[in-house]
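Peer 1: Make a model of this:
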Amino acid sequence: MYDIKVVNGTILSGDGSLERAGECGVRDGRITKVSPTVSGAAQTVLDAKGHIVCPGFIDLHTHCEAGINENYLQSGVTLAVSGNCGFSEPDLAHVAAGIAGATGFNLALLIGHNTVRMHVMGNVDREPAAAEMQAMQCIVEKAMQDGAVGFSTGLTYVPGNYATTDEIVKLAVKAAAYGGYYTSHMRDEGDGLMDSIRESAEIGKSSGLPVHLSHLKVRGSKHWGRAGEALDLLDEYRAQGLDITQDQYPYTASCGRIYLLFPAWAQEGGRDEMLARLAAPQSRKRLKQEVTQHLDDFYDGDGDRIVISGAPDPNLVGLSLADHARNAGRANQAGDLAETVLEIATCFPEQTQVYCVFHAMCEDDLALIMQHPQTCIASDAWSPKPTELRPHPRMFGTFPRALGHYAREKQLLSIPTAVHRMTGLPARRLGLTDRGLLQEGAWADITVFDPETVIDRATYEKPKQYPSGIDYVLVNGQIVMVNGSHT
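Peer 2: Numbers count the residues shown, from 1 in each chain. Presented below is the predicted three-dimensional model:
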C-alpha cells in the first residue's frame, strides 16, 4: 500500500534527461517506485495527466526564516538554503532547534561571514587581531559541526567589505574541514566584476572549498555586455579543475537596502556614527559626491530606476527615487537624487528600514548567464515582511517565471534543462544524493506543474501574486499544496 501515487504524468527526473511518461509511488516520506505504471493501491491518488512530475525545486539562495513561507511553496520550492550574502544567525544549533514543525519546506543553513565578524569585532574597518580571528574561526567551525551546509560572504556589504581575502580564506579553511561549499555575494558586480570572480576563485583554491557565486549579474549600464567575459573566466577556472558554479534570478532588477548606494566608509561604526557623518558638512559633502557618482555610473542618473519597496513610512513605498526628489522640488539628476538619498538615510538610519528595487541589469546579459550549463535558478528572496509593501516580484515568481517566460515563451532553455537547473544541479552543489532527483529511494519532494500554463503573475507594480500552473507540491511525502491552496 502506497501513501500516495502520482499517476498519468510526464516524468522529468531532474538530471536534464528528456521527459517520459510515468508514475511514482510514495511511502513513508520517500519515493519507492518510479515506473511507466505503478500498480497497487494507495491512500491518495493524484492524477497528473497533462502535467510534468519532477523533483521539488531547490532554492540555493534565500534569506528566509522558519515558517510556512507560502510564497516559496506556491512556486514549487521544497528546499531552501538560507544564510546567504554573509548574513545568518551566529548560533545555528539554536536556529535548527526551532525549525522542526515550523516551516513548510526543508530548510538548510549557511554560516554568514558578516554575522560572524559583527558578532566578534563589531562594524569596524580593520583587520582582526589574532584573538578575534580565533574567535571567528571557532564560530564558523561550530556552525559546520552543527550542520551548516557552507560558509557565505557578502563582500559588498559592511562589515564584510572591510575584510581582506586572507581573512576570508582563514575562515573558509575551517568550514572546509567539514565539507560544504563557499558562496559569495561578490565584492563588486560592476567595474570590478572580473577581479571579484578572481577573488572568489582564489578563496576556493586556497581553502579547498567548492565555490558558488550568488546571483551572478552585470550591474550598471556602463558595464552591460560583460556577461560573456565573466562566463569565459569561470569556464577557465573549471578547465583548471576548480569546482565553481553560479545562480541567477530571472529578473533585470535587484533588491536590497538603500545603503547599497552608500560607500563602505560612511557606514562604519553603525547608526550613530553614520548620522554624525551626515550632519558634519565635510563628510556629508564627500558622501554626496560619492553617491552622485554611483547614481551616474549605475543608473545614468535616472532615479526612476530605483523604487522604494519597503519602509516604516508607507507613503514612501512604490515611489521612485525620482518621485521623491520631485516632491522635494528637485530634479531627476544624480546630484539632486543623491541629496534625496541622504535625507532618507537621515530619517531612517537603521540598515534594515528602507529597501529598494534597483533596475540595473540588461536582458542580454541575463540571457547569456541563464543559458550557461552551470547556472542554477535561485530567488534571492526572503520571508515576506509587513513593512515591505511592494517587494521584488522574485519573492513570488522566480521558478514559474523561469519555466513559463524564459523556457516556454522565449525558449532560452528547454523545460527539462530548466527543471535540472532547479533540482539536480543545486542538489549536486549541496552534495545531496537523496533530493533533487525523481528516483527510487529519494525523499518525496515532488512538484507537479502544467508546462503549458505555468507562469509567474507577480509584477513590479503588483508583486504579491502567486503563480499559475503549479498544481501539487509534496514535501517529504506530505502534500502541502493542492491547486494553489496550502494544506
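Peer 1: all contacts plus neighbour counts: C-alpha atoms, from now on.
Peer 2: Noted.
Peer 1: Can you classify residue 471 by secondary structure?
Peer 2: The three-state label given to residue 471 by DSSP: H, G, I helix; E, B strand; the rest coil is strand.
Peer 1: ok, for it, nearest residue in space, not its chain neighbours?
Peer 2: residue 483 (4.3 Å; Cα to Cα, 6 or more residues apart in numbering).
Peer 1: And residue 259, by the same measure?
Peer 2: The nearest residue in space to residue 259 (Cα to Cα, 6+ apart) is residue 351, at 6.9 Å.
Peer 1: For the stretch 101-250 of the chain, which segments are assigned as helices?
Peer 2: Residue ranges of the helices in the stretch 101-250 of the chain, as given by DSSP state H, counting those that start in this stretch, are 113-121, 130-145, 165-176, 193-207, 227-239.
Peer 1: can you redo the ones you listed as TSV with distance to residue 7, mean pLDDT and mean neighbour count?
Peer 2: Formatted as TSV, the helices of the stretch 101-250 of the chain follow (distance: least, Cα to Cα, whole Å; pLDDT from 0 to 100; neighbours: other Cα atoms under 10 Å):
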stretch	distance to residue 7	mean pLDDT	mean neighbour count
helix 113-121	46	98	22
helix 130-145	40	98	19
helix 165-176	43	98	20
helix 193-207	44	98	19
helix 227-239	40	98	16
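Peer 1: Figure out which of these is closest to residue 468.
Peer 2: helix 227-239 (30.9 Å; Cα to Cα).
Peer 1: How far does the closest one sit from its chain's centre?
Peer 2: 21 Å (Cα atoms, centre = their mean, to the nearest Å).
Peer 1: helices or strands up against it?
Peer 2: helix 193-207, strand 244-248, helix 363-371 (3 or more Cα pairs under 8 Å, 6 or more residues apart in numbering; DSSP states H and E).
Peer 1: List of residues touching it?
Peer 2: 193-194, 197, 201, 217-218, 244, 365-366, 368-369, 372 (Cα atoms under 8 Å, 6 or more residues apart in numbering).
Peer 1: Out of these, flag the one nearest to residue 138.
Peer 2: Nearest to residue 138 among those, with distances taken as Cα to Cα, is residue 201, at 23.8 Å.
Peer 1: What residues are bridge-paired with the residue nearest to the closest one when sequence neighbours are not counted?
Peer 2: Leaving aside its sequence neighbours, residue 201 sits nearest to residue 211 (Cα to Cα, 6+ apart; 7.0 Å). Taking DSSP bridges as the rule, residue 211 bridges to residue 182, residue 244.
Peer 1: So residue 211 sits against residue 202, correct?
Peer 2: No. Counting by Cα atoms under 8 Å, residue 211 does not reach residue 202; the two are 9.7 Å apart.
Peer 1: Just to be sure, residue 465 is in a strand?
Peer 2: No. Using three-state DSSP, the assignment for residue 465 is coil, not a strand.
Peer 1: Next up, the contacts around it.
Peer 2: Per Cα under 8 Å, 6+ apart, neighbours of residue 465: 396, 457-459.
Peer 1: Please tell me the pLDDT value assigned to residue 487.
Peer 2: Note for residue 487: predicted pLDDT of 90.
Peer 1: Skip the chain neighbours and tell me the closest residue to it.
Peer 2: Per Cα to Cα, 6+ apart, closest to residue 487 is residue 480, 5.0 Å.
Peer 1: quick one: contacts for the one you found?
Peer 2: Contacts of residue 480 by Cα under 8 Å, 6+ apart are 73, 104, 472-474, 486-487.
Peer 1: can you do 6 Å?
Peer 2: For residue 480, the contact set (Cα atoms under 6 Å, 6 or more residues apart in numbering) comprises 473-474, 486-487.
Peer 1: pretty sure it is in a helix, no?
Peer 2: No. Counting by three-state DSSP, residue 480 falls outside a helix, being strand.
Peer 1: Can we start the residue count at 44 from this point?
Peer 2: OK, 44 is where the count begins now, so the last one is residue 523.
Peer 1: Sketch out the low-pLDDT regions of the stretch 94-243 of the chain for me.
Peer 2: Counting by pLDDT under 70, the stretch 94-243 of the chain shows low-confidence ranges at 143-146.
Peer 1: Please disregard the earlier target; I meant the stretch 394-530 of the chain.
Peer 2: 430.
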